[in-house]
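Trainee: quick one: sequence plus predicted model below, questions after.
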Amino acid sequence: MATRSTIGYETQDGGYVGVYCHYDGYPDNIAPQLMKMTWDEVTLQVNRALLQGGGRCLDECELETFNDGGHVEAITEWPSVTEEYAYRKRLDGTVECLSLSAAVGTITHIDLSKYKPY
């Protein structure tokens, strides 16, 4: 079963650019990888996924894409309220994670202090 997420980065003007990621979006998987990656690496991976059909999963700090030859629109709303989790790599290198429950209309900030980069 898919744990859907949005993975993205903070832009220089305080905006957000993200891409949908279909599998393994839970914090135990995504948070340590994003913590290990630089802002530039996240930016590169997200922009590549936008050109290659969106993200399937983040594995070994590489965003595997659907690679269907088509591009998808960037998600520019922070947070995107259609996925279970939303991640943002900040300009200062920190990672922000929100848990989203569209069914009950709540957004919860996830404390990532227990996660360590691997």
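Mentor: Looks like it came in fine. Numbers count the residues shown, from 1 in each chain.
Trainee: please count neighbours and contacts with C-alpha atoms only from this point.
Mentor: OK.
Trainee: three-state assignment of the nearest residue to residue 61 once chain neighbours are set aside?
Mentor: Spatial nearest neighbour of residue 61, chain neighbours left out: residue 33 (5.4 Å); criterion: Cα to Cα, 6 or more residues apart in numbering. Three-state assignment for residue 33 (DSSP: H, G, I helix; E, B strand; the rest coil): helix.
Trainee: what about residue 84, how many residues nearby?
Mentor: Per other Cα atoms under 10 Å, the neighbour tally for residue 84 reads 19.
Trainee: grab the longest helix from this structure for me.
Mentor: Secondary structure of the chain read by DSSP state H shows that its longest helix is helix 39-51.
Trainee: so where is this structure shaky, pLDDT-wise?
Mentor: Along the chain, segments meeting pLDDT under 70 span 1, 81, 102-105.
Trainee: all strands of it, in order?
Mentor: 5-10, 16-21, 55-59, 62-65, 85-89, 95-101, 106-109 (DSSP state E).
Trainee: okay, now residue 75: neighbour count?
Mentor: Neighbourhood size, residue 75 [other Cα under 10 Å]: 17.
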